[in-house]
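[1] pasting the sequence and the predicted model now:
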Amino acid sequence: MAQGTGHGDNGSGDRSPEEAALSERLGSLNQRLSEIRDRRIKTEQPAGDGGDGAARASAMALGFRLSSELIAGVVVGAGIGWGFDRLLSTSPFGFIAFTLLGFVAGVVNVVRSAGAGQNRRGGS
């Protein structure tokens with residue numbers, strides 16, 4: 001801009017080296033930033049595409065496994081309770097008690113599988 005204004009040589013001569021130095025610094029900064037972006041893209045892109053989908057699938061698999069363990073505990077407890085009620089003619093009490101026990105067993109299995117209880121056991 002200063003060169004196009006038509007001012008004297010002193011005014012444009014003072015600004016030209018400063019503008020050139022600024023332009024050179026901006027160019028080197030742009031080059032370093034593009035190198036950093038390229039390195040980041042190279043390191044994150046293969047792991048990001050394959051890793052993100054694999055991580056999502058792994059998380060879904062873990063979620064399904066944990067939910068199935070909880071549901072299985074409740075169903076098995078309810079089945080055992082229903083069986084005791086049929087054998088002993090204690091209609092709702094065995095079913096209720098063993099369903100609750102199955103729920104507790106399912107929660108314990110979920111906690112074990114998730115690894116939350118592992119820190120507590122490791123410290124003892």
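    Nice, thanks for sending it over. Predicted model only: the values in this text are computed from it and were never measured.

[2] which SSE is immediately downstream of the lengthiest helix in the chain?
    Longest helix in the chain, counting residues (DSSP state H): helix 9-88. For helix 9-88, the following helix or strand on the C-terminal side (DSSP states H and E) is helix 91-114.

[3] for that next one, name the packing helices and strands.
    If you count contacts as 3 or more C-beta pairs under 8 Å, 6 or more residues apart in numbering; DSSP states H and E, helix 91-114 packs onto helix 9-88. (C-beta placed from N, C-alpha, C; glycine too.)

[4] any idea of the pLDDT on Leu62?
    For Leu62, the model assigns a pLDDT of 88.

[5] show me what the longest helix of the chain is packed against.
    Against helix 9-88 (3+ C-beta pairs under 8 Å, 6+ apart) you get helix 91-114.

[6] state the mean pLDDT of the helix it packs on.
    Per-residue scores along helix 91-114 average to 93.

[7] coming back round to it: can you give me the angle the longest helix of the chain makes with helix 91-114?
    When axes from the mean of the first three to the mean of the last three C-alpha atoms, to 10 degrees is applied, the directions of helix 9-88 and helix 91-114 differ by 150 degrees.

[8] burial of Phe95, as a residue count?
    Neighbours of Phe95 under the rule other C-beta atoms under 10 Å: 20.

[9] once you drop chain neighbours, what's closest to it?
    Gly81 (3.9 Å; C-beta to C-beta, 6 or more residues apart in numbering).
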